[in-house]
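K.L.:
the amino acid sequence is not available; the structure is as follows:
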């Protein structure tokens, strides 16, 4: 009986040691995997096409990307001043394909527009994508009906300080859109519709 008890006791001891060794091995593997994280750039705010990246627009983040890390921009890369090519939402990792360091990556022009506070969304901010509409007024001479001036336009800056009930915004337009916009603005009011 005591021999049988000793066998059971020894088998429990061996089982306990085995479980302990497996737990230690598993912990070591998990720790090794955790150390495979890489540091990449992420968007600190919404970034729209044509935006030039500033220091406030980006943040570093550690992520576990063993296979896909080559698709995102490492913090070793200098991207301040680079041009955003596709929309990047706040908090998203920045893909390599979404930015360009080339000066002529996008044929864009910064255009300031003054808009009545009631003709744009209250929560409009830098990085939003908008559509611009021209709405005829009683004094309009050339514009007879509402028309779309430009679609999928990036907002570069929003300045809300105005005593005249207007908000000044700066948008990024293709060079060929600038003159038509200025011509329409002189004869109509501009209404901004924010894309979701």
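P.N.:
Received the coordinates, thanks. Every value quoted in this text rests on a predicted model; they were computed, and no experiment measured them.
K.L.:
residues in contact with the longest strand along the chain?
P.N.:
Determined from DSSP state E, the single longest strand within the chain is strand 147-159. Strand 147-159 is contacted by residues 48-51, 110, 124-134, 167-173, 177, 180-181, 184, 190, 195 when judged by C-beta atoms under 8 Å, 6 or more residues apart in numbering. The way it works is simple: take the backbone N, C-alpha and C, and place the C-beta from them, glycine included.
K.L.:
list only those of those residues flagged as buried.
P.N.:
Using 16 or more other C-beta atoms under 10 Å as the burial test, the contacts of strand 147-159 include 48-51, 124, 126-130, 132-134, 167, 169, 171-173, 177, 181, 184, 190 as buried.
K.L.:
looking at those residues, which are in strands?
P.N.:
Reading strands off those with DSSP E, I get 129-130, 132-134, 167, 169, 171-173, 190.
K.L.:
tell me the one of those nearest residue 86?
P.N.:
Of all these, residue 86 sits closest to residue 129, with 10.9 Å by C-beta to C-beta.
K.L.:
thinking again about what came up before, check which residues of the longest strand of the chain are buried.
P.N.:
Buried, per 16+ other C-beta under 10 Å, within strand 147-159: 149-150, 153-156, 158.
K.L.:
what pairs with it, and is each one parallel or antiparallel?
P.N.:
Applying DSSP bridges, strand 147-159 is found paired with strand 129-136 (antiparallel), strand 166-174 (antiparallel).
K.L.:
from the chain's centre, how far out does it sit?
P.N.:
Chain-centre distance of strand 147-159: 17 Å, with C-alpha atoms, centre = their mean, to the nearest Å.
K.L.:
how about stretch 178-191?
P.N.:
Between the centre of stretch 178-191 and the centre of its chain there are 29 Å (C-alpha atoms, centre = their mean).
K.L.:
so which bits of it are buried?
P.N.:
181, 184-185, 188-191.
K.L.:
before we move on, what about stretch 49-69?
P.N.:
Applying 16+ other C-beta under 10 Å to stretch 49-69 flags 49-53, 57-58, 61, 69 as buried.
K.L.:
can you pull out the low-pLDDT segments for the protein?
P.N.:
1-13, 28-36, 65-69, 102-106, 161-163 (pLDDT under 70).
K.L.:
please, where are all the strands along the chain?
P.N.:
Going by DSSP E, the chain shows strands at 38-43, 58-63, 83-84, 99-100, 108-116, 129-136, 147-159, 166-174, 188-194.
K.L.:
tell me how far the last one is from the chain's mean position?
P.N.:
Centroid displacement of strand 188-194 relative to its chain, using C-alpha atoms, centre = their mean, is 24 Å.
K.L.:
list the contacts of it.
P.N.:
By C-beta under 8 Å, 6+ apart, the residues outside strand 188-194 that reach it are 113, 115-116, 119-121, 123-124, 128-137, 140, 143, 149, 169, 184.
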